[in-house]
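Student: Test case, fold it:
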Amino acid sequence: MNPLHSIFMAAFFAAIGLVAYTWLIYPLCVAMLSRSFGRTGQVLEAAKRTNWPRISLLIAAHNEEAVIERRVLNALAMDYPSELVEIIVACDGCCDATAEIVGRYADRGVKVLDYPRRGKATTLNAAMGVARGEIVLLSDANTDFEAGAVRKLVRWFDDPAEGSVCGRLVLTDPKTGNNVDSLYWRYETFLKKCEGRLGALLGANGAIYAIRRSAKVPIPHGTIVDDFVIPLLAKLRNGGRIEYEAEAVAFEQSAPSVAAEFGRRTRIGAGAFQSIPLLWRLLHPRHGWTAFAFLSHKLLRWFCPFLLVVALGSSLVLACADTGQRFYQVCVAAQLGALVLSLAAMRIAMPGRLLKPLRLAGMLTSMNVALLLGFVRWLRGRQHGAWKRTQRSAAEAASTVLPEIPADNAIARRPEVPAEPALAVASQTP
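Tutor: Numbering: from 1, shown residues only. Okay, here's the model as predicted:
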């Protein structure tokens, strides 16, 4: 065996091994570790609390006139003392009626911050400077909170060691409201639970999370994945744990099309690579389980597209070599066959349980392609922090209903919201 053959063989097995580790072995490891070393957070039941901190609910919006009134009404219906709630909608260069619609609720304590277009990160930084709540909740314009979600997030902050708390997002079909959580989404939720028990939760979900205002660190202009960077940058600068609260539930529509979902994943991919220079210090061993999770769950997964290319390229070279030809020919055929089937699954609607593995393979292939494209966009500086809203019609937004949740989950449906809005208008431009 010549040295070059050994190098290609080592590259092949290393690449395959790392991909298998991040997707299959790491989840098993983190599950076992969380059982052995994880802690169960002890918090006072929301129903037994008598004193609550002042909170600010911050919603960043760009041209969300189709859904923003529904979002404001849902926020006003939160099960939390109204005198302790500040609702802020920060408009990032809205050129539609978003600011005007929100302004109708000024007499109910809703504030509008009407900023020029400058990107979500800068908008959030500015709005955080206006917020007066001890705890700041961040959410999206197309999200509905379960009524008791806020109390379940906020109760964690009795412990001074808590810096951020992430809730659970349930994806719904925009037409029926049915729960459409995929196998992959359940897989990610499982990892969040395990990492949360180890004190190694990585970032939050932009639809529903809370942060102590005193712990908030301004994020760089142009930051793409702000919900990932904000909690982790605060953890780096100030310490503090990031908790996962599965009982604090938010509902959000799934992407309306495969193309929209691919575009979203590409943007997230660019943001992932952009975040590495900000967060690489989390790899230091002093961060314990967080360093382990950041390497295994995030960094290695972000580099999976490159590992898959290395695996295919090295096996192809080895298949054409004089020694060990048959084994590597089979490997090449298996990789190409999996790629073709995955691409077919992405292009063709295939009902039936037997085809679920193909749809899952198609989703994973799409994710890796999006990561690769995201890397290219980040490298070329073509992905910016100013986000584009998902296309949603007013009729679609109004017709969306929330999913039925099993009774044993102890999650109530959102209360009815008022039908007639107030008419006062207020806008604030710093």
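
Student: Specify the residue ranges that define each domain of this structure.
Tutor: Taking automatic domain parsing as the criterion, the chain consists of the domains 1-37+257-389, 46-256.

Student: Can I get those in CSV including mean pLDDT and mean neighbour count?
Tutor: From N, CA and C alone the C-beta is placed, and that goes for glycine too. Below are these laid out as CSV (pLDDT from 0 to 100; neighbours: other Cβ atoms under 10 Å):
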stretch, mean pLDDT, mean neighbour count
domain 1-37+257-389, 87, 16
domain 46-256, 91, 20
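
Student: Tell me which other helices or strands the helix or strand containing residue 17 touches.
Tutor: Taking DSSP states H and E as the criterion, residue 17 maps to helix 3-20. Here helix 3-20 touches helix 304-319, going by 3 or more Cβ pairs under 8 Å, 6 or more residues apart in numbering; DSSP states H and E.

Student: elements contacting the helix it packs on?
Tutor: On a contact count with 3+ Cβ pairs under 8 Å, 6+ apart, helix 304-319 meets helix 3-20, helix 325-347, helix 356-380.

Student: closest one to residue 32 among these?
Tutor: Residue 32 lies closest, by Cβ to Cβ, to one member of the helices and strands packed on helix 304-319: helix 3-20, at 16.8 Å.

Student: export the helix or strand just after the closest one as CSV, just CAs?
Tutor: Next helix or strand after helix 3-20 toward the C-terminus (DSSP H and E): helix 26-37. Taking C-alpha atoms only, helix 26-37 is exported to CSV below (Å, rounded to 0.1, in the frame of the first residue of the first chain):
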residue,chain,number,x,y,z
TYR,A,26,-23.4,12.3,19.5
PRO,A,27,-27.2,12.1,20.2
LEU,A,28,-26.6,8.8,22.0
CYS,A,29,-23.7,10.2,24.0
VAL,A,30,-25.5,13.4,25.0
ALA,A,31,-28.6,11.3,26.0
MET,A,32,-26.6,9.0,28.3
LEU,A,33,-24.6,11.9,29.7
SER,A,34,-27.7,13.9,30.5
ARG,A,35,-29.1,11.0,32.4
SER,A,36,-25.9,10.4,34.3
PHE,A,37,-24.7,14.0,34.9
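
Student: Quick check: neighbours of the helix or strand just after helix 26-37 in the sheet, parallel or antiparallel?
Tutor: Sequence-wise, the next helix or strand downstream of helix 26-37 (DSSP H and E) is strand 55-61. Paired neighbours of strand 55-61 in the sheet (DSSP bridges): strand 85-92 (parallel), strand 135-139 (parallel).

Student: what's the offset of the helix holding residue 17 from the middle of its chain?
Tutor: The chain centre lies 32 Å from the centre of helix 3-20; the measure is Cα atoms, centre = their mean, to the nearest Å.

Student: Against residue 79, how distant is residue 256?
Tutor: Distance, residue 256 to residue 79, using Cβ to Cβ, to the nearest Å: 30 Å.

Student: and the residue positioned nearest the centre of the chain, what does it touch?
Tutor: In the chain, the C-alpha nearest the mean C-alpha coordinate belongs to residue 205, at 3.8 Å (Cα atoms, centre = their mean). Residues in contact with residue 205 (Cβ atoms under 8 Å, 6 or more residues apart in numbering) are 166-169, 227, 250.

Student: Which one of those is nearest to residue 144?
Tutor: Lowest distance from residue 144 to these (Cβ to Cβ) belongs to residue 250, with 6.6 Å.

Student: show me what contacts the nearest residue to that closest one once chain neighbours are set aside?
Tutor: Once flanking residues are discounted, residue 250 sits nearest to residue 208: 3.8 Å by Cβ to Cβ, 6 or more residues apart in numbering. Taking Cβ under 8 Å, 6+ apart, we find residue 208 in contact with 137, 139, 143, 145, 149, 153, 166-169, 248-250.

Student: now the contacts of residue 205 in JSON lines, with secondary structure?
Tutor: Shown next, in JSON lines, are those (DSSP: H, G, I helix; E, B strand; the rest coil):
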{"residue": "166", "secondary structure": "strand"}
{"residue": "167", "secondary structure": "strand"}
{"residue": "168", "secondary structure": "strand"}
{"residue": "169", "secondary structure": "strand"}
{"residue": "227", "secondary structure": "helix"}
{"residue": "250", "secondary structure": "strand"}
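
Student: Report the two of those separated the most.
Tutor: The most widely separated members of the contacts of residue 205 are 168 and 227, with 13.9 Å between them, by Cβ to Cβ.

Student: picking that back up, Throw the contacts of residue 205 into TSV and include distance to residue 333, thanks.
Tutor: Listed next are the contacts of residue 205 as TSV, based on distance: Cβ to Cβ, whole Å:
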residue	distance to residue 333
166	42
167	45
168	41
169	39
227	41
250	44
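
Student: Which of the helices and strands packed on helix 304-319 sits closest to residue 87?
Tutor: Judged by Cβ to Cβ, the one of these that comes nearest to residue 87 is helix 356-380, at 33.0 Å.
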